[in-house]
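[1] Starting from these lines, generate the structure:
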Amino acid sequence: MSADRYDALVIGAGMSGLAAGIRLAQFGRRVAVLERHALWGGLNSFYKRSGRRYDSGLHALTNFARPASKSAPLQRILRQLRLRFDDLGLGEQGTSEIRLGDLSLAFSNDFALFEEQVARAFPAERERFAGLVRAIRACDPFSVVDPSASGRAFLHEHLRDPDLVEALLLPLTWYGSAREDDVDAYQAVILFRSIFLEGLARPRGGIKPLLDLLVRRFREEGGELRTNDGVAEILCDTAGAARGVRLDSGGELLSDCIFSSAGYVETRALCGVSSGEADLGRLSFVETQRVLTRPSASIGAARTLLFFAESRRPAWRRPAEAVDVSSGVVACSDNYASNEILPHGLMRITCLADASAWRGLDPAVYERQKAQWEERMCASVARFTADPRPHTLAIDCFTPRTIVQYTGHLNGAVYGSPRKRLDGASGVHNVHLIGTDQGFVGVVGALMSGISMANRQAVVAS
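    Numbering: from 1, shown residues only. Prediction:
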């Protein structure tokens with residue numbers, strides 16, 4: 001029996017994969033999205049424990065923009081996917097905060113608040129900060145000569161106070177950098193815009209309604225979503241060009257156009273091609289989610305997001321221990337407008353982790369380690385906001401091992417390879433990268449990645 005042939009195959013039913021699938025189907029292509037797991041979403045998925053649904057990735061949807069902002073990335077994405085803004089059910093953040101040692105800077109979806117906070121804490125930097133903002137607004141981050149240029153150096157070009165540079169880097173690294181102790185300059189521009197100039201929101205009901213909306217849209221366009229059967233191998237001809245895939249079940253699907261959200265190193269491995277050590281991501285996380293007996297604000301955790309670091313010079317690198325509790329992010333999901341979590345609060349705490357420390361542990365040791373580090377994470381956070389432990393109704397915690405299991409990312413590297421490929425080149429003919437390793441970040445960035453690569457290849461095919 002001959003294998004089925006498709007115009008395009010998409011590896012991974014995450015945000016970028018679903019967006020690419022929708023766009024390709026809109027061009028009239030026969031396309032299948034292939035997902036190893038039962039649920040779609042990839043890095044931004046959902047799961048149930050004891051009858052409660054948890055999000056596995058979503059802290060915030062960055063790049064928030066109201067419908068009147070026609071040129072904003074979110075609005076452009078909605079037009080291309082033919083979705084309505086109201087379908088997303090977005091609730092805006094309240095007030096969030098950066099805590100760098102004893103330094104505090106609050107921000108919200110009104111950029112004027114952040115400008116006031118910077119002027120208060122760094123009066124000598126007021127004009128230079130305004131110059132930085134003008135430069136960021138004027139910059140086209142996707143027309144850079146050197147995509148690996150340093151974001152830290154870019155900030156230092158405009159600012160003199162190292163404390164302000166570190167304060168800005170804290171959320172920029174936490175929400176998208178795969179590069180240790182730095183962020184790519186073009187990504188610094190994207191992240192500054194998406195976090196501070198545009199803003200943060202959360203879909204009502206969490207990530208599932210948004211994912212379900214994308215899946216429904218894909219199927220309406222005639223796309224085929226195949227779950228519980230991932231890609232075991234990308235089949236290449238004698239010239240090294242991809243011609244199809246072999247599935248975990250043993251079946252084969254043929255196509256001369258393959259999009260992969262698996263990651264640069266991981267995609268090349270599926271083709272039987274090795275990659276250099278410098279392409280391996282090293283940054284992973286441990287995250288605990290605590291369901292609270294009452295709303296987060298009522299116990300004193302009033303911030304929507306809190307980026308914290310004990311030191312004014314925090315490290316952004318793979319830690320020497322299993323978890324680095326000295327810095328991280330606290331996300332109180334019920335502090336978004338129009339949340340659905342009441343009467344319970346939900347506090348999520350995320351810290352950097354060393355993936356190698358979590359490999360190969362005996363199940364009992366693994367659970368014990370999770371409990372011990374989760375306790376230390378809560379104790380660390382209690383120095384910056386309310387301690388969730390006395391108000392906890394339920395706990396769930398994931399580690400780098402969980403990330404590897406459900407995403408396939410080596411080292412549990414949430415943000416993938418530190419070297420991005422903006423052109424989507426995998427180094428294998430007919431295989432195109434989408435998602436994190438193409439260099440787009442966040443939910444909106446992942447959607448944009450899938451759309452842009454699908455548009456590019458559809459034009460080539462025409």
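[2] Next, find the distance separating residue 130 from residue 170.
    Distance, residue 130 to residue 170, using CB to CB, to the nearest Å: 21 Å. For glycine as for every other residue, the C-beta is placed from the backbone atoms N, C-alpha and C.
[3] Mind checking which of those two has more residues around it?
    residue 170 (21 against 14; other CB atoms under 10 Å).
[4] Grab the nearest non-local neighbour of that one.
    In space, and not counting its chain neighbours, residue 170 is closest to residue 307: 4.7 Å by CB to CB, 6 or more residues apart in numbering.
[5] and if you look at residue 434?
    Leaving aside its chain neighbours, residue 434 sits nearest to residue 16 (4.3 Å; criterion: CB to CB, 6+ apart).
[6] Please enumerate residues in contact with the helix or strand where the residue nearest to residue 170 lies?
    Assigned by DSSP states H and E, residue 307 falls within strand 305-309. With CB atoms under 8 Å, 6 or more residues apart in numbering as the test, strand 305-309 has contacts from 59-60, 93, 96-101, 170-171, 174, 200, 326-332, 381, 384-385.
[7] which intervals of the stretch 201-350 of the chain have sub-threshold pLDDT?
    For the stretch 201-350 of the chain, applying pLDDT under 70 flags the ranges 339-342.
[8] now the helices for the stretch 251-400 of the chain?
    For the stretch 251-400 of the chain, the helices defined by DSSP state H, counting those that start in this stretch cover 264-270, 363-381, 400-407.
[9] what sits against residue 400?
    Residue 400 touches 284-286, 353-355, 358, 411-412, counting by CB under 8 Å, 6+ apart.
[10] try 6 Å
    284, 353, 355, 358, 412 (CB atoms under 6 Å, 6 or more residues apart in numbering).
[11] for residue 331, same thing?
    By CB under 6 Å, 6+ apart, the contact set of residue 331 is 59, 305, 348.
[12] The second one and residue 56, how far apart?
    When you say that, I think you mean residue 305. Residue 305 is 17 Å from residue 56, by CB to CB.
[13] Over to the last one?
    Residue 348 is 10 Å from residue 56, where distance means CB to CB.
[14] quick one on the thing from earlier: which residues does the residue nearest to residue 170 bridge with?
    residue 98, residue 329 (DSSP bridges).
[15] how close does it sit to residue 115?
    Applying CB to CB, the value for residue 307 to residue 115 is 18 Å.
[16] which one of these two has more residues nearby?
    Comparing residue 307 with residue 115 by neighbour count (other CB under 10 Å), the higher total belongs to residue 307, at 28 against 16.
[17] Just confirm residue 454 contacts residue 20, I think it does.
    Yes. Under the criterion of CB atoms under 6 Å, residue 454 makes contact with residue 20 at 4.4 Å.
[18] Looking at those two, which has the bigger crowd around it?
    Between residue 454 and residue 20, counted using other CB under 10 Å, the more crowded position is residue 20 (34 against 29).
[19] Quickly find the element holding that one.
    Counting by DSSP H and E, residue 20 is part of helix 15-26.
[20] Past that helix, which element shows up next along the chain?
    Next element after helix 15-26 (DSSP H and E): strand 31-34.
[21] related to what we said a few turns ago, mind checking which of the contacts of residue 331 are buried?
    59, 305, 348 (16 or more other CB atoms under 10 Å).
[22] Run a quick check on the last one versus residue 290, I expect a contact.
    No. In this structure, residue 348 is not within contact of residue 290 by CB under 6 Å, at 7.8 Å.
[23] before we move on, the earlier item: including distance to residue 224, could the buried ones among the contacts of residue 331 go into a markdown table?
    Converted to a markdown table, those look like this (distance: CB to CB, whole Å):
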| residue | distance to residue 224 |
| --- | --- |
| 59 | 31 |
| 305 | 37 |
| 348 | 34 |
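[24] Tell me which residues touch residue 284, please.
    Going by CB under 6 Å, 6+ apart, residue 284 touches 353, 355, 400, 412-413.
[25] go again using 7 Å as the cut-off
    Neighbour list for residue 284: 353, 355, 400, 403, 411-414 [criterion: CB atoms under 7 Å, 6 or more residues apart in numbering].
[26] Then residue 279?
    264-265, 417, 419.
[27] do residue 414 as well
    For residue 414, the contact set (CB under 7 Å, 6+ apart) comprises 43, 283-285, 403.
[28] rerun at 8 Å
    Contact analysis of residue 414 by CB under 8 Å, 6+ apart lists 43, 281, 283-285, 403, 436.
[29] Among those, which one lies nearest to residue 70?
    Nearest to residue 70 among the contacts of residue 414: residue 436, at 27.5 Å, using CB to CB.
[30] centre of the chain versus stretch 167-184, how much separation?
    Distance of stretch 167-184 from its chain centroid, counting by CA atoms, centre = their mean, to the nearest Å, is 12 Å.
[31] now the residue nearest to residue 434: how far from residue 10?
    9 Å.
[32] so what sits against both of the two?
    Residues within reach of residue 16 and of residue 10 at once, by CB under 8 Å, 6+ apart, are 261, 434.
[33] neighbours of residue 206, just the number please.
    21.
[34] what are the phi and psi values for it?
    phi 80, psi -160 (degrees, to the nearest 10).
[35] Stretch 387-401 - what's its average pLDDT?
    Stretch 387-401 shows a mean pLDDT of 95.
[36] Just the terminal-to-terminal distance for that stretch.
    With CA to CA, to the nearest Å as the measure, stretch 387-401 spans 26 Å from end to end.
[37] So which of the contacts of residue 400 sit within strands?
    If you go by DSSP state E, these have 284, 353 in strands.
[38] Mind putting the contacts of residue 400 into a markdown table with distance to residue 277?
    Compiled in a markdown table, these are given as follows (distance: CB to CB, whole Å):
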| residue | distance to residue 277 |
| --- | --- |
| 284 | 17 |
| 353 | 20 |
| 355 | 15 |
| 358 | 20 |
| 412 | 17 |
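[39] hmm, which of the contacts of residue 400 are the buried ones?
    284, 353, 355, 358, 412.
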